[in-house]
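Trainee: kindly return the folded structure for what I paste below:
(2 chains)
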Amino acid sequence: MATMEMDDPKMGNKVHWEPKDLLSGVSLKQILFSNDYRYIALKGIFTAFIMLALGGMFAIIFRTELAIPDVQIMGARVYMTLMTLHGMVMVFGFLIPMVVSISYYMIPKVLGTERLLWAGAAQWSYWLLIVAAVLLVIGRPDFTWTAYAPMSTRTGNPLIWMGHVAILLVAISEFLAGAVLFRNALASKGGLKNTPLIAWAAGTIGLLFMVSTFPLGFVGFGLLSDWAEWTSVAFFDPSRGGSVKFFLYVFWTYGHPAVYLPFVPAIAIIYTIMPRFLGRPMWSYWSGVAAFVLLSIGALPIGPHHFQPLYTVAGDYQRFIQILTMLVFIPSVLHVFNWISSLFMGPIPDSARRAIPFKFMVFSIAFIVYGGATAFLNAQIAPNSDFIHNTYWIPAHFHAMFFGFAGQMAFAGIYFLYPYFTGRMYNQTLGNWHFWLWQVGLFVKITGMGVAGYLYFPRWVYDYLDISGWATTQMFITIGGYMVALGFLFFLVNLFWSAKHGKEVTGDPWPVVHDLKAAPAAQPAE
Amino acid sequence: MENALGISGPQAIMMAITASFTILGMVMLLAAMLMKARWKPSYAVEFVFVGIMLGLAWYGDLTSVKTYTAYQANLNAEERRISGNYDGLGEEAFDKVVTVIAFQWGFGFINEEEEISRNALMVKPGETVLLKIMSNDVIHGFNIPVAQITAEIDPDEKREMWIRAPDEPGQYLIQCVNYCGIGHAQMKAWLVVDAGEENNGENS
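Mentor: Numbers count the residues shown, from 1 in each chain, chains lettered A, B, ... in the order given. A predicted model of the protein is given here:
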């Protein structure tokens, strides 16, 4: 059909992937230590599933606690530990490794190199992250993922240094992952004009990884040094001459780029699978390139908007940050416009409408619009004195972006890659259950958080007063959370059942069929 | 619980812009999925969007400053008088001046007679109270839902805010809202509004 266009390599849509059962006849040792990009990716994805299950379980437990005010099913201490682990496990354990692993698989495929350059570094990156996770589990630091000094040096936990070392290891691990992404992006033969968009994404985000993990490493080192009193004058601890403000600047110089680390690879998945489903290239190549470059440049200086409301000063510097933050909307608008235009500029094939990954992709675009447009308020200093900062408005925003968009795009990628990994197609009915439970559950949950934020519900509390509106919204968020968990169970069943009993796939699992009724024989998965 | 500004004033314009952008995005996505007629949008449309974003950044910044001023004015408005930032115009204007020490994990309240109460801020109905909030260990939050104030205090600096005590006698929650360690959730205190005659000498 549109074969000519489909072969346009810079759109990343060349059909050169073969469905294969990667897991049959493979030893555990090979999966764990092979430098084959497919096994590195599979290993990363499986680990991320485990992390997602763990993080989700924590969330379900504390959401149950929050559903009804004044009824306790656990102590505050347990609640806080679960909350901390939920955040850390989801961001560092699930989201970033998941999209990076998918990139490890997709980049060699799209570029046609069929191998991951610097695979050894990817291997180190994986195992260092595992060590960091083990240290976190043993040390059980409870300073949340932001590790604000000097609280993070004064928890009274004698094993707290494990948390600081874990931060250092996460920094090294992410640096290596960034280096691998960057190196593989350079392997593109297309030059500036014909490099696939996924390579542009990997190149820009790889650079951002490498630059921004230095401050994170310094945070880990500085906290360790302050805790062990290696220097006479502390870096961060004000009681020994350090500065809390200095900590905030260092941490958020990593912390803001950190939110793009899962975000940009998720965007790259859209640029890779959307042309495959539509059977035509993206609307614009250069719009995508410009957006990737602008997003990376814009990410570094705007960390201070995370300081709110600690330094809520409507001074010139704050206004500068506020304006820059609003300008970072532009690359995101370029991306979303590009996607919607690509969908709009031609008919949407029946085969795409039916495909679960395509559905996930469309709805994750809806969530990025939802979370992104409402973030126009977050960027401004003014409303934060009222209802935005340190209320549930913020979790609403980052759950829409991290889960509604990046997490769901990761799952679009997983469903898309499923036949390539197992040689079989997933079960459509189970996939639909997963899909709808997540869309409804996520919408209820995120909207509930937004409303709770508007009602001034503070973050980081494990119990609350029965003020009108608070209990109802919390109950809604909990119901949404349960729906998401139920959807994940459908996914797990699908994952294991279809690997054995799904329809076998040969050839292209995602053929573009415009009218399924006219050509029923050409249905996907035949 | 109401917001200080509710759905009116400059903040309402921002909410409206936000809402219309969300709706516009959703409508575009729906059209892309469902509409029969299809064409390739020109680059001009995208540039218009970028132009709108540039305009919004400029407008958002301008309005943000206005809103902030309106917010402060609203908090300090005579008819509300619930809480606000201290403008440094003299402590005599307040019925009571209390130094608040936030620590891991709790609050200490020191009144003008240097009497310390742990975890109970004793006030009379309708009193205006100036709070000088400080922390000598880590970053803490300070939130009184009934007075609609939220602040964060880092160990380097002091915050000065005032509240007007509720007219209804009773106990009202004071809590830390910035995660400050394992005891964060227990870092609570009470704003005790007591109509009794005697002064708050017998704090417990």
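Trainee: and residue 194, what pLDDT?
Mentor: In the absence of a named chain, this looks at chain A. We have a pLDDT of 85 for residue A:194.
Trainee: should've been chain B
Mentor: With respect to pLDDT, residue B:194 has a value of 88.
Trainee: how far away is it from residue B:116?
Mentor: Residue B:194 is 18 Å from residue B:116, where distance means C-beta to C-beta, to the nearest Å. C-betas here are computed from N, CA, C, even on glycine.
Trainee: give me the more crowded residue out of those two.
Mentor: residue B:194 (16 against 12; other C-beta atoms under 10 Å in any protein chain shown).
Trainee: now do the more buried one against residue B:121, distance only.
Mentor: In terms of C-beta to C-beta, residue B:194 sits 11 Å off from residue B:121.
Trainee: go on, residue B:39?
Mentor: Distance from residue B:39 to residue B:121, by C-beta to C-beta: 65 Å.
Trainee: looking at those two, which is more packed in?
Mentor: It is residue B:121, of residue B:39 and residue B:121, that has more neighbours when counted by other C-beta under 10 Å, with 26 against 9.
Trainee: the more buried one is in what secondary structure piece?
Mentor: Here residue B:121, judged by DSSP states H and E, is contained in strand B:120-123.
Trainee: in that strand, which residues are buried?
Mentor: Neighbour-count burial for strand B:120-123, with 16 or more other C-beta atoms under 10 Å in any protein chain shown as criterion, is recorded at B:120, B:121, B:122, B:123.
Trainee: quick check: buried residues in the helix or strand following that strand?
Mentor: Heading C-terminal from strand B:120-123, the first helix or strand you meet, by DSSP H and E, is strand B:128-135. For strand B:128-135, the neighbour count (16+ other C-beta under 10 Å) marks B:129, B:130, B:131, B:132, B:133, B:134, B:135 as buried.
Trainee: and stretch A:226-235, by the same measure?
Mentor: A:226, A:227, A:234, A:235.
Trainee: and the residues you listed as CSV, adding secondary structure?
Mentor: Output for the buried residues of stretch A:226-235, formatted as CSV (DSSP: H, G, I helix; E, B strand; the rest coil):
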residue, secondary structure
A:226, helix
A:227, helix
A:234, coil
A:235, coil
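Trainee: domains for chain B, by residue range?
Mentor: Domain ranges of chain B: B:10-80, B:91-202, per automatic domain parsing.
Trainee: which of the ones you listed sits most buried?
Mentor: domain B:91-202 (a mean of 19; mean count of other C-beta atoms under 10 Å in any protein chain shown).
Trainee: close to chain A, is it?
Mentor: Yes. Contact of domain B:91-202 with chain A (C-beta under 8 Å from any C-beta of the partner chain) involves B:104, B:136-139, B:141, B:143, B:145, B:148, B:150-152, B:154-156, B:173, B:175, B:177-186.
Trainee: out of the residues you listed, which are inside strands?
Mentor: Counting by DSSP state E, the part of the residues of domain B:91-202 next to chain A found in strands is B:141, B:143, B:150, B:151, B:152, B:173, B:175.
Trainee: export the buried residues of stretch A:226-235 to CSV and tack on distance to residue A:501?
Mentor: What follows is the buried residues of stretch A:226-235, written out as CSV (distance: C-beta to C-beta, whole Å):
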residue, distance to residue A:501
A:226, 56
A:227, 53
A:234, 60
A:235, 57
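Trainee: out of the residues you listed, who's nearest residue A:44?
Mentor: residue A:227 (31.3 Å; C-beta to C-beta).
Trainee: check what pLDDT residue A:444 gets.
Mentor: With respect to pLDDT, residue A:444 scores 97.
Trainee: which SSE is the closest residue to it other than its chain neighbours in?
Mentor: Nearest residue to residue A:444, sequence neighbours excluded (C-beta to C-beta, 6 or more residues apart in numbering or on different chains): residue A:480, at 3.6 Å. If you go by DSSP H and E, residue A:480 is part of helix A:470-501.
Trainee: packing partners of that helix?
Mentor: In terms of contacts (3 or more C-beta pairs under 8 Å, 6 or more residues apart in numbering or on different chains; DSSP states H and E), helix A:470-501 is packed against helix A:37-67, helix A:408-422, helix A:428-454.
Trainee: cool, thanks, signing off.
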